[in-house]
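Novice: Below are the sequence and a predicted model; questions follow.
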Amino acid sequence: MVPRSSSAWLTLSGEAMASKAPIAYLYSPIRCSSFSSPVLRCFAPSIPSRYASGLSIRGSRARDQPKEKKKQRTEFKNQSLSDALQFSLCDAMRYIRAFEVGRNPTSAKYDLAVRLRTTKNGPAVRNRLRLPHAVDTSLRICVICPPDSPAASQARKAGATLVGEETVFDAVKEGRIEFDRCICHIDSAQKLNKAALGKILGPKGLMPSSKTGTITKDIAGTVNGLVGGSEYREKLGVIRCAVGQLGFTPDEMQRNVRAFVGEIKKDLAVLSDRISKDIHEVVLSSTNAPGFTLNGDFRGPESPPTCDLAVL
């Protein structure tokens, strides 16, 4: 280290003063760019050459080692029901109605969620049923068929709100989708494909398909089946469906819940033996209330009389 009284220090200070460098720069930490100076190069940290090769080998070995991959879960995660609170149907309706105080009885709906024990890559359950007591009676149905055909008159008599071909195609392309279900006559299927509405109607679940029975010859029968009917499909291991209005009685709710769960059991029974799917949990909720796990009983020991739940 050079002493302050030496000529080298005076020369360095003189050069710094001649360049008008700030005083703070002289006492600031040494920068990497300053190591190019022959005076400050001696202060730069260095690694002995006999250790440098070993460090490079270790670094390359660490990079070459494969990282352990996390095991991905093949089934959807389901919580154990051994310690979970479970309610009878009447008790669940009682608590749900407490959350829905002041709501419109026809706008608030009871929703049933059926959680399945299933794999993530298995086929999704999808179907349509007609509940004993219709939940949504204001369903808007669109029928794609020639406007002057007998099928069009049958569709209007059955309750379809929108009937036609080109008028329907133009309305959908303009973003005016004023219907909840869409049916196509088999003679208009080719025109529907040429219109290329799959990207618009497909994500909304409104694209007619022969698999779902919405491309058919029996327009009147299909419309009658949709009016008051309910569609359901499995998503992330859960099947959801509206099973009642807030004003439904416990007996009406019981019949709808039994019909819905029974239909799901039929769908699971027709699957291949290689596909493992069964019901894990049934949860009843509503538009503004949380979910209550059902235990399968209609009434519990402390449940209110059904006549009290029949009146809002």
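Specialist: Structure's in. What do you need? Residues are numbered from 1 along each chain as shown.

Novice: Could you report the neighbour count for residue 83?
Specialist: A total of 6 residues lie near residue 83 under the criterion other CB atoms under 10 Å. Placement of C-beta: from N, CA and C, glycine included.

Novice: With residue 140 instead?
Specialist: 14.

Novice: swap in residue 302?
Specialist: 9.

Novice: List the contacts of it.
Specialist: Shown in contact with residue 302 (CB atoms under 8 Å, 6 or more residues apart in numbering): residue 91.

Novice: What score does it have for pLDDT?
Specialist: For residue 302, the pLDDT comes out at 84.

Novice: next one: residue 210
Specialist: 87.

Novice: immediately after the helix or strand hosting residue 111, which helix or strand?
Specialist: Using DSSP states H and E, residue 111 maps to strand 109-117. Downstream of strand 109-117, the first helix or strand assigned by DSSP H and E is strand 126-130.

Novice: Quick one: the strands in the stretch 201-312 of the chain, in order.
Specialist: Counting by DSSP state E, counting those that start in this stretch, the stretch 201-312 of the chain has strands at residues 215-216, 229-235, 238-245, 278-286, 292-293.

Novice: Distance to residue 101, mean neighbour count and mean pLDDT added to those, as TSV?
Specialist: As requested, the strands of the stretch 201-312 of the chain are exported to TSV (distance: least, CB to CB, whole Å; neighbours: other CB atoms under 10 Å; pLDDT from 0 to 100):
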stretch	distance to residue 101	mean neighbour count	mean pLDDT
strand 215-216	44	18	92
strand 229-235	26	17	85
strand 238-245	16	21	92
strand 278-286	12	18	93
strand 292-293	16	20	94
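
Novice: From the recorded domain assignment, give the ranges for the protein.
Specialist: 7-64, 76-134+232-312, 138-227 (automatic domain parsing).

Novice: Those domains: lowest mean pLDDT?
Specialist: Among the domains of the chain, domain 7-64 scores lowest, at a mean of 51.

Novice: follow-up on the earlier one: same list as before, the strands of the stretch 201-312 of the chain that is, but in CSV and with distance to residue 112 included.
Specialist: Below are the strands of the stretch 201-312 of the chain laid out as CSV (distance: least, CB to CB, whole Å):
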stretch, distance to residue 112
strand 215-216, 28
strand 229-235, 9
strand 238-245, 5
strand 278-286, 6
strand 292-293, 11
